[in-house]
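Participant: prediction below, plus the sequence it came from.
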Amino acid sequence: MANDQPPRPSRRGFLKAGSAAVAAGASLGATGVAQAALGKTPAHNADPQMAVEPFYGLHQGGIVTPQQSHTYVAALDLTTDKRDDVIALLRAWTDAAARMTQGKTAAPLPPADAANTPPNTVDATNANGGYDAGSNKGAPDSADVLGLGPCGLTITFGFGPGLFTKDGKDRYGLASRRPAALVDLPRFNGDQLLAEKTGGDLFIQACANDQQVAFHAVRQLSRLASGVATMRWGQSGFLSGPRGQTPRNLMGFKDGTNNPSTAKPQLMNEFIWAAATPDAPWMEGGTYTVFRRIRITLEHWDNTEVGFQEQVFGRHKYSGAPIGKKNEFDPVDLKEEDKDGNPVIPENSHVRLSNQASNNGAQILRRSYSYNEGTNFYIERWPPWRQETEYDAGLIFLAHQSDPRKGFIPINEKLAKFDMMNQFTTHVGSAIFAVPPGAKPGSYIGAGLFET
């Protein structure tokens, strides 16, 4: 495998890229451990369709849970001016999410349908089979996933800055409880953000081993929000690769090798789980999630030599090992030099710039997915003014951390300015959310924010 760097890409190649940064390190390797449910780690079913992940627990699922094969992430904007409406929505979401993660419908089906529906979808808790016709608008569930199984579904909720203040207004009496760590993300070098793919007051991340199950979860939760919140953006994603191995992104490189180990509680407590702070005691056991939608110019990438691609990443493409090493998990040696005294891992490679040794020891937990939205027509604004249809594909970057001011923001500021990968990637969507700790049975997600 060639490692020689080819001639520098053309100026046109750099200009086309726009922004970016973090695409390389953007998926969680499947080496993580499951979320603890009230102190217990669930057993994983050998059949991914029948796998069940707990909803209630110390932390929300979908953060350190072993990564499922599909996701659907979405953000909603609140339209109500009533605090009680928000609380009622979170209660309804909590109940529906707890059911759906167990393979049930979002709401119990009416008893009239019981004879023709799969087990565990009809409850017999009252005369109406547990179904209150006045509690949901329309049908109790779209029923498109009946018979598919739980599929390891996790549902994760988060709160955007707009829940606390919007347009200078404290809509729900929560402004004083906004965590200092929930900062508005700065504009990074090269950002080309689209308003329709950016921001949001409420966040939903559904991950499952089936695409339809993930989408169904967000679809039902969005329906329950009718009259209280409206969809701002939604994005589906996928992940491929053998279970237990680090997955590859659309650029063909293994993604997430250098994630902090979710099997080490001390690392999770230091870098991922938020601690109680005077301004946000309700965030203890939660995390802060950054979303970035990163478009990758695959046509440009596919026409570069493998040797240059490896220089961009700082890793060998096929083994995943750091340049100069043999195995994927060999330590990254940033001090190693070649016979001419040049760094073996290039100064502006993604691995070097994102490594904790280059960022004052900071680490984030990347748990991202690829996306493919078909194609778009593209026109270049510089010679030779090429016109063609290109893939609208790339990376749904999701990063969890205890404080984005120490994690994602300083790391990405460096990457956005110096990363060689910027010539192939453009950040077109962005959001940040405070993800509260897990809910207790009988309570609801975010209760600590509203009840303290």
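Facilitator: In hand now; what should we look at?

Participant: show me the strands in the stretch 1-150 of the chain, by range?
Facilitator: Taking DSSP state E, counting those that start in this stretch, the strands of the stretch 1-150 of the chain run over residues 70-78.

Participant: how about the stretch 351-452 of the chain?
Facilitator: Across the stretch 351-452 of the chain, reading from the start of the chain, the strands by DSSP E, counting those that start in this stretch fall at 365-366, 369-379, 387-401, 425-435.

Participant: for residue 194, find the nearest of the ones you listed.
Facilitator: Closest to residue 194 of the strands of the stretch 351-452 of the chain is strand 425-435 (C-beta to C-beta; 5.2 Å). C-beta coordinates here come from the backbone N, C-alpha and C atoms, glycine included.

Participant: find the centremost residue of the chain, please.
Facilitator: residue 398 (3.1 Å; C-alpha atoms, centre = their mean).

Participant: what segments of the protein are helices?
Facilitator: Chain-ordered helices for the chain, with DSSP state H as the definition, fall at 11-17, 83-100, 211-224, 265-267, 298-302, 306-313, 350-354, 408-418, 447-451.

Participant: can you list those helices in TSV and add distance to residue 275?
Facilitator: Formatted as TSV, the entries for the helices of the chain read as follows, by distance: least, C-beta to C-beta, whole Å:
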stretch	distance to residue 275
helix 11-17	38
helix 83-100	23
helix 211-224	29
helix 265-267	13
helix 298-302	40
helix 306-313	33
helix 350-354	24
helix 408-418	17
helix 447-451	14
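
Participant: single out the most deeply packed of those helices.
Facilitator: Among the helices of the chain, helix 350-354 has the highest mean neighbour count (mean count of other C-beta atoms under 10 Å), at a mean of 25.

Participant: what mean pLDDT does stretch 425-445 get?
Facilitator: Rounded to a whole number, the mean pLDDT of stretch 425-445 is 97.

Participant: alpha carbons of that stretch, as CSV, please.
Facilitator: Included here for stretch 425-445 are C-alpha records, laid out as CSV according to Å, rounded to 0.1, in the frame of the first residue of the first chain:
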residue,chain,number,x,y,z
THR,A,425,-16.1,18.4,3.8
THR,A,426,-18.6,21.2,4.5
HIS,A,427,-20.5,21.7,7.7
VAL,A,428,-24.1,22.6,6.6
GLY,A,429,-26.1,21.9,9.8
SER,A,430,-25.4,22.5,13.5
ALA,A,431,-27.0,22.3,17.0
ILE,A,432,-26.2,21.9,20.6
PHE,A,433,-28.4,20.4,23.4
ALA,A,434,-28.3,19.7,27.1
VAL,A,435,-29.2,16.0,27.5
PRO,A,436,-30.5,15.5,31.0
PRO,A,437,-29.9,12.3,33.0
GLY,A,438,-32.2,9.3,32.6
ALA,A,439,-35.7,9.2,34.0
LYS,A,440,-37.0,7.2,36.9
PRO,A,441,-40.2,5.1,36.5
GLY,A,442,-43.2,7.2,37.3
SER,A,443,-41.3,10.4,36.5
TYR,A,444,-40.3,12.0,33.1
ILE,A,445,-37.3,13.2,31.2
